[in-house]
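J.: No sequence on hand, only this structure:
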């Protein structure tokens, strides 16, 4: 005779789920087990949590995994895809821990493991910042039905001192040609657009036609990316020089929503197998996607473009309203952006030579 299933448990796809109301609170969640006795114990535990909170004001125990599920469901920032990857790794180390047990001490194994796996300290810090942000939300914004925060207070999570940061590596015109010759067409379009606009990877991937604004008086157009899709949360003006405009015109009419797509779908990220293999074949194994933004910035600087104009063209945060320009100001920015198209680049080559000499000098000092 089979085991009697208590009220409040139902089985779906081989896993027991809770479907019960306790003290007026609906519980609808997975027990994460196919074992009935374990599922019963989980149901009893969750019901007791709610009764304790109702009668004695005891804060229910929640795991870090529960907090990350809510965070990923509610957060809309442009970097959420990257954070989701970090959270997947973090879950292996602290996902089962109660929120109160997540602190710099319990994160030490994560830090040591990731450093041993070759992660840079900056990347490890990015994961620690995600943890800190989620815990801050738990202690300040997220509240249960009784008005209690998920966490009593936020622990101090100290970041690692970054002393292994990679220096920017802007491409020379010759390196750019080598890289382009190895890239597949869809990725080459994204790289060409990025190296001529200074957009971040996520901005290029998410670029939509609805953000395009025609400037008929100048026979061109610009894009304004809404702040929620920009790292600094400010609306981002994207000026098109002749190379970036060429990419836009080539893609026009291909997809009704996104500017750059592959086989009818938007591209989630530029960094991947195609990128790493192409840069390896081009003899540029250490060039990062973000170095394309540095390339645009360095070319503007080499061409004598002013600091303020470089800020606007690169989408850096400033005190100016960067999406409200007069026609002469727009004309000036377009002309400034066009200067980055020059392939003569002797000043850029000089900067690259200086960079290489500095690296050789550092190596000699270490010897």
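T.: Cool, the structure landed. Quick caveat: nothing in here was measured; it's all calculated off a predicted structure. Numbering: from 1, shown residues only.

J.: residue contacts, residue 19?
T.: 8, 9, 10, 27, 28 (Cβ atoms under 8 Å, 6 or more residues apart in numbering). Where you see a C-beta, it was placed from the backbone N, CA and C, and this is true even at glycine.

J.: how many neighbours does residue 46 have?
T.: Counted with other Cβ atoms under 10 Å, the neighbours of residue 46 add up to 20.

J.: just residue 253 next, same as before
T.: Neighbour count of residue 253, defined by other Cβ under 10 Å: 8.

J.: Show the contacting residues for the nearest residue to residue 18 once chain neighbours are set aside.
T.: Residue nearest to residue 18 in three dimensions, not counting chain neighbours: residue 27, with 4.8 Å by Cβ to Cβ, 6 or more residues apart in numbering. By Cβ under 8 Å, 6+ apart, residue 27 lies in contact with 8, 18, 19, 20, 21, 46, 47, 50.

J.: In PyMOL, how would I select the buried members of the residues you listed?
T.: To isolate the buried members of the contacts of residue 27 in PyMOL, using 16 or more other Cβ atoms under 10 Å:
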select buried, resi 8+18+20+46+47+50
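
J.: Which member of the contacts of residue 27 is positioned nearest residue 122?
T.: Taking Cβ to Cβ as the measure, residue 122 lies nearest residue 46 of those, at 39.1 Å.

J.: For the closest one, which residues are in contact?
T.: 18, 22, 27, 29.

J.: helix, strand or coil for it?
T.: What DSSP: H, G, I helix; E, B strand; the rest coil gives for residue 46 is helix.

J.: per-residue confidence for it?
T.: We have a pLDDT of 78 for residue 46.

J.: Extract the residue ranges of the protein that are flagged as low pLDDT.
T.: The chain contains residues with pLDDT under 70 at 1-2, 52-58, 78, 319-323, 342-367.

J.: can you list the domains in it?
T.: For the chain, automatic domain parsing gives the domain ranges 9-56, 64-140, 173-366.

J.: Wait, residue 166 touches residue 291, no?
T.: No - look at residue 166 against residue 291 with Cβ atoms under 8 Å: they stay out of range, at 9.1 Å.

J.: Among the two, which residue is more densely surrounded?
T.: residue 291 (22 against 11).

J.: phi, psi of that one?
T.: Backbone torsions of residue 291, given as degrees, to the nearest 10, read phi -70, psi -20.

J.: That one and residue 168 touch, don't they?
T.: Yes - counting by Cβ under 8 Å, residue 291 sits close enough to residue 168 to count as a contact (6.2 Å).

J.: got the residue ranges for the helices in this protein?
T.: For the chain, the helices defined by DSSP state H cover 36-56, 64-74, 80-94, 108-116, 121-140, 173-182, 185-195, 201-206, 242-251, 273-281, 291-302, 307-314, 327-338, 346-366.

J.: Any chance of JSON lines for the ones you listed, columns distance to residue 150?
T.: Output for the helices of the chain, formatted as JSON lines (distance: least, Cβ to Cβ, whole Å):
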{"stretch": "helix 36-56", "distance to residue 150": "12"}
{"stretch": "helix 64-74", "distance to residue 150": "7"}
{"stretch": "helix 80-94", "distance to residue 150": "15"}
{"stretch": "helix 108-116", "distance to residue 150": "21"}
{"stretch": "helix 121-140", "distance to residue 150": "4"}
{"stretch": "helix 173-182", "distance to residue 150": "47"}
{"stretch": "helix 185-195", "distance to residue 150": "39"}
{"stretch": "helix 201-206", "distance to residue 150": "29"}
{"stretch": "helix 242-251", "distance to residue 150": "44"}
{"stretch": "helix 273-281", "distance to residue 150": "39"}
{"stretch": "helix 291-302", "distance to residue 150": "37"}
{"stretch": "helix 307-314", "distance to residue 150": "38"}
{"stretch": "helix 327-338", "distance to residue 150": "46"}
{"stretch": "helix 346-366", "distance to residue 150": "47"}
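
J.: Identify whichever of the ones you listed lies nearest to residue 146.
T.: Once the helices of the chain are compared by Cβ to Cβ, helix 36-56 is nearest, at 6.1 Å.

J.: For that closest one, buried residues please.
T.: When burial is assessed from 16+ other Cβ under 10 Å, helix 36-56 yields the following buried residues: 36, 39, 40, 42, 43, 46, 47, 49, 50, 53.

J.: Show me how far stretch 230-240 is from its chain's centre.
T.: Centroid displacement of stretch 230-240 relative to its chain, using Cα atoms, centre = their mean, to the nearest Å, is 15 Å.

J.: List the buried residues for that stretch?
T.: For stretch 230-240, a neighbour-count test (16+ other Cβ under 10 Å) marks 230, 231, 234, 235, 236, 237, 238, 239, 240 as buried.

J.: what distance separates stretch 139-152 from the middle of the whole chain?
T.: The answer for stretch 139-152 is 27 Å, by Cα atoms, centre = their mean.

J.: do the same with stretch 238-258
T.: 23 Å.

J.: Would you mind listing the buried residues in it?
T.: By 16+ other Cβ under 10 Å, the buried positions in stretch 238-258 come out as 238-241, 243-248, 251, 255, 258.

J.: residues making contact with it?
T.: 189, 192-193, 196-197, 199, 203, 206-210, 212, 220-225, 259-261, 264, 266, 312-313, 315, 330, 333-334, 337-338, 340-341.

J.: Kindly report the same for stretch 178-194.
T.: 171, 199, 201, 204-205, 243-244, 246-248, 250-251, 260-262, 267, 270, 274-275, 277-279, 281-284, 287, 289, 292-293, 296.

J.: of those residues, buried ones?
T.: Buried, going by 16+ other Cβ under 10 Å: 171, 199, 201, 204-205, 243-244, 246-248, 251, 260-262, 267, 270, 275, 278-279, 282, 284, 287, 289, 292-293, 296, out of the contacts of stretch 178-194.
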